[in-house]
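Peer 1: Dropping a prediction and its sequence here:
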Amino acid sequence: MFPTKVKALHRLLQFRHTFWCPPFGKASSSRLVLGIETSCDDTGAAVLDETGEILGESLHSQKDVHLRTGGIIPTVAQQLHRENIERVVQEALQRSNVDASQLSAVATTVKPGLALSLGVGLEFSQRFVRRHNKPFIPIHHMEAHALTVRMLQPVPFPFLVLLVSGGHSLLAVARGVDDFLLLGHSLDEAPGDTLDKVARRLSLTKHPQCSTLSGGQAIELLAKDGDRKKFRFRTPMGQTYDCCFSFAGLRTQVTMMIMKKEEEEGVEQGTLLSCVNDIAAATQHTVASHLAKRTHRAILFCKANGLLPSSSPTLVLSGGVASNQYIRKALTIITEKTGLQLLCPPAKFCTDNGVMIAWNGVERLREGKGILSPDVDVCYEAKAPLGVDMTADVKAADIKLPSVTLKILN
Ligand code: KG4
Ligand code: ZN
């Protein structure tokens, strides 16, 4: 399907950098990769061997600071990455019992993400690879989220992947380590961002059970004791028959409902509402329903165009928001209805970490793809689409969905 377009676009997307011939011979299980992640608010590092065994890792989360300041302030994130990156990398190496000289390559997230955060990881990594004369593997953060599952179990290409995090939501067919067909992406904000903002508007850090939780975690916890039917929010983009996402309108709907309830209860903004559990449940349900519908259409598009194997077609769900059990259940309903298996890494591998970056490095090292000499200058890219853009083809297919009831018990 679409071979000419895909091939032409794919040629354009090939790395434009000088390639490095790694100083090793045949594949050996002793090849070790250091992965470094700083694209958002987690400073992560890990050392993996070529089989995907995690030899050691370290992670510094900035979540508590950003919860206190009411969101990620890029300059604060940058400063915290600067303060922690050296220690985090040293810890990962020490815990692995690996000296820098033993590494086969260093893999680092260079796109997409917060510019100031990406810059810290990239600058550190380029100094590191030059000092130790090691190959450098620039990593696309979303490619890493998509491939993490293959570290945990054998998942052959191609497979469909839904990635949902604080910065992104996208649907893509993964056809190879660096070969993706993009079926849909968010037109405005990402679902994690929406949940974080709704949680903030509800002042959930004041809730005794939620003070240290991310917005998404807080919404999931409170929704367990809520009745989603007390509020009805419209599922976004009901009349647009593609696989793109939009969450900004939902946030407006929820915010207006919160304002109405504050008025009814006679309380100021910043006070915990009595109906907070119900609002959390209704918001979570609408996010789940939107994700389920777009994914359902993506599955039907893949089937109509032979993009997935007929035996054991797979949907991989990953990214921070994929930790949400309610959303997992919603997608299970869709995959059961369409005959796909749903695979989802455990929560600790869904959220950002150095392990997923090191694994992406291993996958690229194995295939000799995108491995650069240490002296090549690499720039970070705050915005970077993943793969060949097929969203117009999806829209042109104009696929109407059969109705599916998402009956999910908490
Ligand atoms: O992938 P990730 O760690 O960082 C980004 O690349 O953005 O995702 C972080 C996002 C945050 O917005 C957080 O609220 C959300 O994932 N998240 C959740 C849950 N745990 C984390 N959203 C819904 N339910 C959860 N259990
Ligand atoms: Zn992420």
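Peer 2: Received the coordinates, thanks. Values in this document were obtained by computation on a predicted structure and should not be read as measured data. Ligands and ions are numbered 1, 2, ... in the order given.

Peer 1: How about the contacts made by residue 270?
Peer 2: Counting by Cβ atoms under 8 Å, 6 or more residues apart in numbering, residue 270 makes contact with 203, 206. (C-beta placed from N, C-alpha, C; glycine too.)

Peer 1: how does it look with 10 Å?
Peer 2: Residues counted as contacts of residue 270 (Cβ atoms under 10 Å, 6 or more residues apart in numbering) are 201-203, 206, 262.

Peer 1: does it count as helix, strand or coil?
Peer 2: Using DSSP: H, G, I helix; E, B strand; the rest coil, the structure places residue 270 in coil.

Peer 1: in stretch 265-282, what counts as buried?
Peer 2: Using 16 or more other Cβ atoms under 10 Å as the test for burial, stretch 265-282 gives 273, 275-282.

Peer 1: which bits of the chain sit near ligand 1?
Peer 2: Residues of the chain found near ligand 1 (Cβ under 6 Å from any ligand atom) are 40, 165-167, 192-193, 195-196, 214-217, 220, 319-321, 323-324, 351-352.

Peer 1: how does it look with 5 Å?
Peer 2: Applying Cβ under 5 Å from any ligand atom, we find that the chain lies next to ligand 1 at 40, 165-167, 192, 196, 214-217, 220, 319-321, 323-324, 351-352.

Peer 1: if we look at ligand 2, which of those are close to it?
Peer 2: Filtering the residues of the chain next to ligand 1 for proximity to ligand 2 by Cβ under 5 Å from the ion leaves 165, 352.

Peer 1: Now residue 62: closest residue in space that isn't a chain neighbour?
Peer 2: Distances taken as Cβ to Cβ, 6 or more residues apart in numbering place residue 41 nearest to residue 62, at 4.2 Å, with adjacent residues excluded.

Peer 1: Do I have it right that that neighbour meets residue 69?
Peer 2: No: at 11.0 Å, residue 41 does not count as touching residue 69 under the criterion of Cβ atoms under 10 Å.

Peer 1: Could you check which of the two is surrounded by more residues?
Peer 2: In this view residue 41 and residue 69 are compared by other Cβ atoms under 10 Å, and residue 41 has more residues nearby, 23 against 10.

Peer 1: tell me the contacts of the more buried one?
Peer 2: 60-63, 65-66, 72, 74, 76-77, 80-81, 113-114, 117, 166, 214, 352.

Peer 1: And the most far-flung residue of the chain relative to its centre, how close does it get to residue 175?
Peer 2: Residue farthest from the centre of the chain, counting by Cα atoms, centre = their mean, is residue 266 at 39.2 Å. Per Cβ to Cβ, to the nearest Å, residue 266 is found 57 Å from residue 175.

Peer 1: what do you get for residue 223?
Peer 2: Counting by Cβ to Cβ - residue 223 and residue 175 are separated by 36 Å.

Peer 1: Then residue 151?
Peer 2: For residue 151, the distance to residue 175 (Cβ to Cβ) stands at 18 Å.

Peer 1: quick one: stretch 156-165 to chain centroid distance?
Peer 2: 10 Å (Cα atoms, centre = their mean, to the nearest Å).

Peer 1: Pull that stretch out as CSV, backbone CA atoms only.
Peer 2: Extracted C-alpha coordinates of stretch 156-165, given in CSV (Å, rounded to 0.1, in the frame of the first residue of the first chain):
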residue,chain,number,x,y,z
PRO,A,156,7.8,-8.5,15.6
PHE,A,157,7.3,-5.6,13.2
PRO,A,158,4.8,-4.4,12.0
PHE,A,159,2.6,-3.4,14.9
LEU,A,160,0.2,-0.6,15.7
VAL,A,161,1.2,1.8,18.5
LEU,A,162,-0.7,4.3,20.5
LEU,A,163,1.6,6.7,22.4
VAL,A,164,0.0,8.9,25.0
SER,A,165,2.0,11.1,27.3
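
Peer 1: Give the buried residues for it.
Peer 2: 158-165.

Peer 1: One more: stretch 307-315?
Peer 2: For stretch 307-315, a neighbour-count test (16+ other Cβ under 10 Å) marks 307-308, 313-315 as buried.

Peer 1: again with stretch 241-254
Peer 2: Quick answer for stretch 241-254 (16+ other Cβ under 10 Å): 242-247, 250-251, 253-254.

Peer 1: Pull the distance from that stretch to the chain's centre.
Peer 2: Per Cα atoms, centre = their mean, the centroid offset for stretch 241-254 relative to its chain is 18 Å.

Peer 1: Next: stretch 388-395.
Peer 2: Between the centre of stretch 388-395 and the centre of its chain there are 20 Å (Cα atoms, centre = their mean).

Peer 1: And stretch 266-282, by the same measure?
Peer 2: 29 Å.

Peer 1: now the end-to-end length of that stretch.
Peer 2: 22 Å (Cα to Cα, to the nearest Å).

Peer 1: now stretch 129-139
Peer 2: End-to-end span of stretch 129-139 (Cα to Cα): 15 Å.

Peer 1: near ligand 2, anything from that stretch?
Peer 2: No: on the criterion Cβ under 5 Å from the ion, stretch 129-139 is out of touch with ligand 2, staying 11.5 Å away.

Peer 1: rewinding a little: which one in the contacts of residue 270 is the model shakiest on?
Peer 2: In terms of pLDDT, the lowest of the contacts of residue 270 is residue 206, showing 93.

Peer 1: Contacts only, for it.
Peer 2: The contact partners of residue 206, taken as Cβ under 10 Å, 6+ apart, are 270-272.

Peer 1: which residues pair with residue 159 across the strands?
Peer 2: residue 174 (DSSP bridges).

Peer 1: quick one: secondary structure of the residue in the stretch 301-410 of the chain positioned nearest to ligand 2?
Peer 2: Relative to ligand 2, the nearest point of the stretch 301-410 of the chain is residue 352 (4.4 Å; Cβ to the ion). Here residue 352 is coil, with the state taken from three-state DSSP.

Peer 1: Right, and ligand 2 sits closest to which residue of the stretch 151-300 of the chain?
Peer 2: residue 165 (4.2 Å).

Peer 1: Can you flag the buried ones in the contacts of residue 41?
Peer 2: 60-62, 66, 72, 76-77, 80-81, 113-114, 117, 166, 214, 352.
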